[in-house]
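Participant: Quick check, what structure comes out for this input:
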Amino acid sequence: MSDRFLTIDVSSELSTLCKAQLRGTWQLPAELVRLALRLGAAEVSVRSRMRRFEISWEGPTIDDEVIADLRSALDTKLAPEGRQRAIAALERSGSEALLWAAGLRGARLQVTCSDGDRRWDFEYRSRRRLNRSLGTASDTASSVVIQWRCAGLDKRRASRWLAIASRFAPARIFLDGTALPTGFVGGLYHLQLEEPVPCRLGLTRVGEEPVLWLLRDGMVSARASVPGYPPFEAAVELGDLVATGASAADMRRTVAPFLGELVDRAAWMMVQVSARLPEMAAAERERLGILLLRAARKGIRTEEISTLPLLEMASENDLRLSIEGIRQLADQRGGVLAAIEASERAAGGFMDPQSTLLASSEVRQLLTRLTAVRFQSPSRHRRNFHRHVRDRLRATAVDLRRRIRGFLLHREVPPSNRHPQESEVLEAIRSAISPIGVSLCEGQGSTGWTMRGVVVPRSHPAIVAAADLISADAAWLYPLLLALDTGWDPPEDLRRRWLEAPESVAFER
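Facilitator: Alright, predicted model coming up:
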């Protein structure tokens, strides 16, 4: 048998490699920014033209060896063994984004580097020969300019993903002259940690469960949610712990051993921030109080949290009690305390405001589980009865308006209110389009988009049907994603599973 029949088709292997490592061409601009950050760029400018992206930065340049390896990997006239060695070298150096940028079908890549003394250019067009030139630099500053275009590129989607992926970048990232937003969406407080793993912890105004943003070289590579714990967010850098090109599943497995300590550090942060409760806005006070009560309910730093003055009483002197204080007060009153919503405080007329708790229904439920204290409506002075009825009607109207507004603005369904099948469908969608965030909201209508990711209405016909379909056969996840129109292509393996599924799979009413 001739040796040529055993020769590996490196061009085909390169195309397969590019497709396997990327969810689509829209990821490439963010990957080129990741390359800039890996090299040490302090500021990266990204410009989206009509049919291309330009990524540029000053400072560290791309080594000659990397450009030489890139040229060898793309040179169809070079022996397969030489091209494979070049591909491996690019992956080891963390420069695989250049390989992907050139290896995608219909791609055109141009790289211009200057170190102050000389300038070198590299240009590659799909299915055409490579060009490389050397010259004298026209500027004294070191700089890199990468221009890239590709057939079928969705420019809006690429820009949207870049904004998500660069949110925790250690450098300033500009898109068309505007600095991209940084940090946690709806952030209250954040803390930088180096142990047990480099990360930024954040407490946020939104969210019902912990969210981990898994980073490599400062850019988001995957996302993981952790049901069952008090909500917080963490941007965790795993670049030193995972191999180049690690999958989302690899990154989740890598962060798993650190989860317990991250949860504990988040609870510790909540305890420290509680010292600022008196100066916080009412909504922020309530949010932090609920986070701490949820942590205590899960047995996380319960003793510390039980002594914090978290709970406001209805008296005029801003009296606050701890969980332990509530327990002791209830013991003096037969295990029952009066409680009202904060909106009812203005009505006044309570018989005993010193022992009347200001608390939402969720806070009362958490306290009952922690202390076994029961709550009831307070007794009022007779002369305030009519005013109380009037104010209650007014408060009900305000609450109704707030609920309608929350409905229109994608009010998220908390995990405790989801049906088991809804949670199963939600987790399936999240794993399929990771690292994009996915939330289930109240209401119906079409799929939406916020800075936190995709928002899926609970009563969307596809969600209602999928509750039974996916339980019967996971292959139904592919048509579900198409029906939801999330803006992100379903993974290729889901499509194959759907095409290979037996024709007998059907929805049973």
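Participant: Please count neighbours and contacts with C-alpha atoms only from this point.
Facilitator: Fine.
Participant: and Ala339, that one's in a strand?
Facilitator: Yes. Assessed with DSSP: H, G, I helix; E, B strand; the rest coil, Ala339 lies in a strand.
Participant: dump the residue contacts of it.
Facilitator: Listed by CA atoms under 8 Å, 6 or more residues apart in numbering, the contact partners of Ala339 are 356-359, 375-378.
Participant: Take those residues and lay them out in a markdown table including secondary structure.
Facilitator: Compiled in a markdown table, these are given as follows (three-state DSSP):
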| residue | secondary structure |
| --- | --- |
| Thr356 | strand |
| Leu357 | strand |
| Leu358 | strand |
| Ala359 | coil |
| Phe375 | strand |
| Gln376 | strand |
| Ser377 | coil |
| Pro378 | coil |
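Participant: Name the nearest of those relative to Val336.
Facilitator: Nearest to Val336 among the contacts of Ala339 is Phe375, at 5.5 Å by CA to CA.
Participant: Not counting its neighbours along the chain, what's nearest that closest one?
Facilitator: Leu337 (4.9 Å; CA to CA, 6 or more residues apart in numbering).
Participant: Narrow the contacts of Ala339 to just the buried residues.
Facilitator: Listed as buried from the contacts of Ala339 are 356-359, 375, 378; burial here means 16 or more other CA atoms under 10 Å.
Participant: Report the two of those residues separated the most.
Facilitator: Ala359 and Pro378 (12.7 Å).
Participant: show me where pLDDT drops low in the stretch 201-350 of the chain?
Facilitator: Within the stretch 201-350 of the chain, the ranges that satisfy pLDDT under 70 run 345-350.
Participant: if you set the cut-off to 90 instead, what comes out?
Facilitator: With pLDDT under 90 as the threshold, the stretch 201-350 of the chain has low-confidence stretches at 204-209, 222-229, 243-249, 276-286, 312-320, 330, 332-335, 337-350.
Participant: just the helices in it please.
Facilitator: Using DSSP state H, counting those that start in this stretch, the helices found in the stretch 201-350 of the chain span residues 248-255, 259-273, 282-297, 302-306, 323-331.
Participant: In CSV: those helices, plus distance to Cys150 and mean neighbour count.
Facilitator: Shown next, in CSV, are these (distance: least, CA to CA, whole Å; neighbours: other CA atoms under 10 Å):
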stretch, distance to Cys150, mean neighbour count
helix 248-255, 25, 16
helix 259-273, 39, 17
helix 282-297, 46, 19
helix 302-306, 55, 17
helix 323-331, 60, 18
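Participant: Just the endpoints, please. Distance across stretch 336-344?
Facilitator: 19 Å (CA to CA, to the nearest Å).
Participant: what's the spacing between Thr61 and Arg118?
Facilitator: 12 Å.
Participant: repeat for Arg51
Facilitator: 29 Å.
Participant: wait, isn't Arg149 in contact with Ile55?
Facilitator: No. Using CA atoms under 8 Å, Arg149 makes no contact with Ile55, being 11.4 Å away.
Participant: now the strands: where do they sit in the stretch 151-300 of the chain?
Facilitator: Per DSSP state E, counting those that start in this stretch, the stretch 151-300 of the chain carries strands over the ranges 172-175, 178-179, 187-193, 199-204, 211-216, 219-225, 233-237.
Participant: For Thr254, find the nearest of the ones you listed.
Facilitator: The nearest among the strands of the stretch 151-300 of the chain, by CA to CA, is strand 211-216 at 9.8 Å.
Participant: ok, the closest residue to Asp250 other than its chain neighbours to Arg394 distance?
Facilitator: The shortest distance from Asp250 to any non-neighbouring residue, by CA to CA, 6+ apart, is to Val242 (7.6 Å). Distance from Val242 to Arg394, counting by CA to CA: 57 Å.
Participant: swap in Trp120?
Facilitator: Distance from Trp120 to Arg394, by CA to CA: 72 Å.
Participant: So the two - more neighbours on which side?
Facilitator: The residue with more neighbours, out of Trp120 and Arg394, is Trp120; 18 against 14, by other CA atoms under 10 Å.
Participant: packing partners for whichever strand or helix holds the more buried one?
Facilitator: Using DSSP states H and E, Trp120 falls within strand 118-125. In this structure, strand 118-125 packs against strand 107-114, strand 131-136, with contacts taken as 3 or more CA pairs under 8 Å, 6 or more residues apart in numbering; DSSP states H and E.
Participant: The ones you listed: lowest mean pLDDT?
Facilitator: Across the helices and strands packed on strand 118-125, strand 131-136 has the smallest mean pLDDT, namely a mean of 57.
Participant: re earlier: mean neighbour count and distance to Pro457 added to the strands of the stretch 151-300 of the chain, as a markdown table?
Facilitator: Below are the strands of the stretch 151-300 of the chain laid out as a markdown table (neighbours: other CA atoms under 10 Å; distance: least, CA to CA, whole Å):
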| stretch | mean neighbour count | distance to Pro457 |
| --- | --- | --- |
| strand 172-175 | 20 | 31 |
| strand 178-179 | 12 | 31 |
| strand 187-193 | 14 | 24 |
| strand 199-204 | 23 | 22 |
| strand 211-216 | 24 | 20 |
| strand 219-225 | 24 | 19 |
| strand 233-237 | 24 | 23 |
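Participant: The strand holding Trp120 to strand 107-114, inter-axis angle?
Facilitator: 180 degrees (axes from the mean of the first three to the mean of the last three CA atoms, to 10 degrees).
Participant: Identify each buried residue in strand 118-125, please.
Facilitator: Neighbour-count burial for strand 118-125 flags 119-125 (criterion: 16+ other CA under 10 Å).
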